[in-house]
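Novice: Pasted the sequence and its predicted model underneath.
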Amino acid sequence: MLEVIILAAGHGSRMQSSTAKVLHLLAGQPLVSHVLGTAREVGARRIHMVVGHDADAVQAVVSAPDVECHLQQQQLGTGHAVQQAIHNCDSESTVLVLFGDVPLIHRDSLDEVIRAASSGMAMLSSYVPDPTGYGRVLRDAEGAFQGVVEEQDATADQRRLSEINTGVLAAPAAAFCQYLERLTNDNAQGEYYLPEVLKLAREDGATVTVVQSDRALDCLGVNTPQQLEQLERLHQGALADQLMSQGVLIADRSRVDIRGALHCGRDVCIDVNTVFEGTVTLAGGVSIGANCIISNSNIGEGAQVHPFTHIEGAEIKAGASIGPYARIRPGTVIDEVAKVGNFVEIKNTHLGRAAKASHLAYLGDADVGSKSNVGAGTITCNYDGANKYRTVLGESVFVGSNSTLVAPVTIDAGGFVAAGSTITDNVAPDQLAVARGRQRNVDGWRRPKKPEETD
């Protein structure tokens with residue numbers, strides 16, 4: 001059985017933030033949530049989260065049936081952190097240690113480490129161009145593993161080494177417990193270093209396997225806002241590359257942000273400065289214009305989303321045209337070849353096939369029949385301050401510009417609303433509804449003047 005210990009107790013003082021470091025967002029999710037997902041991908045039966053700074057907030061984010069939290073009241077090093085959880089692991093388990101601020105480690109690398117742990121201790125190392133801040137892997141003249149030295153304790157020659165310790169370790173739980181109990185804090189920082197268990201195992205003649213990773217993201221952690229931004233761009237670039245390898249056309253890989261899961265069909269086009277949040281599906285031939293935000297929505301085949309459009313919690317069906325400058329809010333369904341134009345806001349509304357709301361309208365809690373047309377300046381008055389009501393338009397209804405539809409109200413098929421009307425009563429099929437005051441022109445009227453004005 002595999003159990004995973006995730007270290008997430010640190011404050012992260014270099015982030016200069018009151019938020020716990022592991023709760024800062026990468027691709028729309030807390031750093032620690034990425035690590036949790038990877039732990040589950042590699043088959044962890046139980047996950048132990050070591051928390052400390054802002055423990056309640058971290059626990060609230062990671063809470064799940066397979067997660068058990070352990071409090072590290074004093075941060076006395078990584079070895080001390082693992083000690084808080086190791087005794088809650090089954091003695092027959094393999095234990096894998098991960099870090100809550102190293103979010104993008106690849107499951108294939110971890111699988112290798114887990115397999116190596118079947119015969120003893122195993123660690124993950126990597127070669128990096130700039131090893132500053134990392135512990136260095138020490139080897140003898142034949143290249144055999146000797147130990148890990150932290151940068152603060154390293155000599156000048158050791159600091160020039162480029163093979164670094166990623167911090168990822170795996171071992172049988174019983175062996176882990178034995179070596180953790182023998183840790184000391186005789187070092188420059190007075191802390192209990194987790195990598196010391198590798199040295200102790202080697203001294204006892206146990207097998208220590210070093211798995212070398214050539215994946216840059218495996219060892220990149222977050223300690224500063226600059227590192228978080230750099231990791232975000234690297235991750236977003238990797239996601240964009242993956243989509244482009246599937247035939248998605250992305251105008252600029254550095255100007256697309258995927259904050260969740262984006263699923264694309266063939267011949268999808270994505271312009272610059274686009275953000276995708278939650279789970280978004282773009283069917284084949286969809287075009288997304290510049291500066292759009294799409295959240296938790298499905299966009300049907302061949303639909304066009306024009307620039308500066310915001311879509312959230314909606315379903316846009318095949319061939320529909322949305323925007324520019326449209327806002328589609330949760331609960332909305334836009335049927336095939338329907339059109340929503342500029343400066344139109346729609347919420348919890350079903351817009352039927354080939355229906356149109358071309359500009360400057362608000363449709364809330366409405367059902368609009370196929371081939372109906374909603375004129376500019378039209379609004380549905382769906383809320384009385386306490387309750388919401390629906391507006392129903394049948395097929396081929398025409399609503400003239402600057403009309404107000406006061407719900408609950410129904411305009412049946414073929415109904416026609418004259419421009420500037422306030423509709424409070426139902427309209428029967430093919431009726432014309434005119435609800436506005438009669439125009440009166442006043443002769444001899446004099447325009448008001450300001451006090452300083454004279455004839």
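Specialist: Structure received.
Novice: So what's the residue count around residue 192?
Specialist: Neighbourhood size, residue 192 [other Cβ atoms under 10 Å]: 21. C-beta here means a position set from N, CA and C on the backbone, and glycine is covered the same way.
Novice: Shouldn't it be within a helix?
Specialist: No. Going by DSSP: H, G, I helix; E, B strand; the rest coil, the assignment for residue 192 is coil, not a helix.
Novice: residues in contact with it?
Specialist: 76, 77, 78, 79, 80, 83, 183, 184, 185 (Cβ atoms under 8 Å, 6 or more residues apart in numbering).
Novice: of all those, which two lie farthest apart?
Specialist: Pairwise distances across those (Cβ to Cβ) peak at 13.9 Å, for the pair 78 and 184.
Novice: Excluding residues flanking it in the chain, which one is nearest residue 252?
Specialist: residue 272 (4.9 Å; Cβ to Cβ, 6 or more residues apart in numbering).
Novice: Tell me how many other residues crowd that neighbour.
Specialist: Neighbours of residue 272 (other Cβ under 10 Å): 15.
Novice: how much space between it and residue 419?
Specialist: 39 Å (Cβ to Cβ, to the nearest Å).
Novice: any idea how far residue 144 is from residue 320?
Specialist: 64 Å.
Novice: And the two? Which one has more around it.
Specialist: residue 320 (26 against 10).
Novice: ok, the more buried one - contacts?
Specialist: Taking Cβ under 8 Å, 6+ apart as the contact definition, residue 320 lies against 300, 303, 304, 334, 335, 336, 337, 338, 339, 340.
Novice: next one: residue 166
Specialist: With Cβ under 8 Å, 6+ apart, residue 166 has these contacts: 102, 105, 123, 124, 125, 126, 213, 218, 219.
Novice: nearest spatial neighbour of the second one, skipping sequence neighbours?
Specialist: What it means is residue 105. residue 218 (4.8 Å).
Novice: Check what pLDDT the one you found gets.
Specialist: At residue 218, the model reports a pLDDT of 86.
Novice: Tell me how many other residues surround it.
Specialist: 19.
Novice: Equivalent analysis for residue 216, please.
Specialist: For residue 216, the neighbour count with other Cβ under 10 Å is 14.
Novice: Would you mind measuring from the residue lying closest to residue 200 once chain neighbours are set aside to residue 99?
Specialist: Of all residues not flanking residue 200 in the chain, residue 179 sits nearest, at 4.7 Å (Cβ to Cβ, 6+ apart). For residue 179, the distance to residue 99 equals 19 Å [Cβ to Cβ].
Novice: cool, residue 220 as well?
Specialist: Applying Cβ to Cβ to residue 220 and residue 99 gives a distance of 11 Å.
Novice: And for residue 197, nearest residue in space, chain neighbours not counted?
Specialist: Here the residue nearest residue 197, using Cβ to Cβ, 6+ apart, is residue 179, at 3.9 Å.
Novice: and the one you found, that's in a helix?
Specialist: Yes. Residue 179 forms part of a helix when assessed by three-state DSSP.
Novice: still on that earlier bit, quick one, what contacts the residue nearest to residue 200?
Specialist: 121, 171, 196, 197, 200, 201.
Novice: Spatially, which two of the residues you listed are the most separated?
Specialist: So, the contacts of residue 179 by Cβ to Cβ: farthest apart are 171 and 196, at 13.1 Å.
Novice: Just want to know which of these two has more residues nearby.
Specialist: residue 171 (28 against 23).
Novice: residues contacting that one?
Specialist: 94, 95, 117, 120, 121, 122, 179, 197, 201.
Novice: list the contacts for the fourth one?
Specialist: If a contact means Cβ under 8 Å, 6+ apart, then residue 120 has 171, 172, 175, 201, 206, 207, 208, 209 as its contacts.
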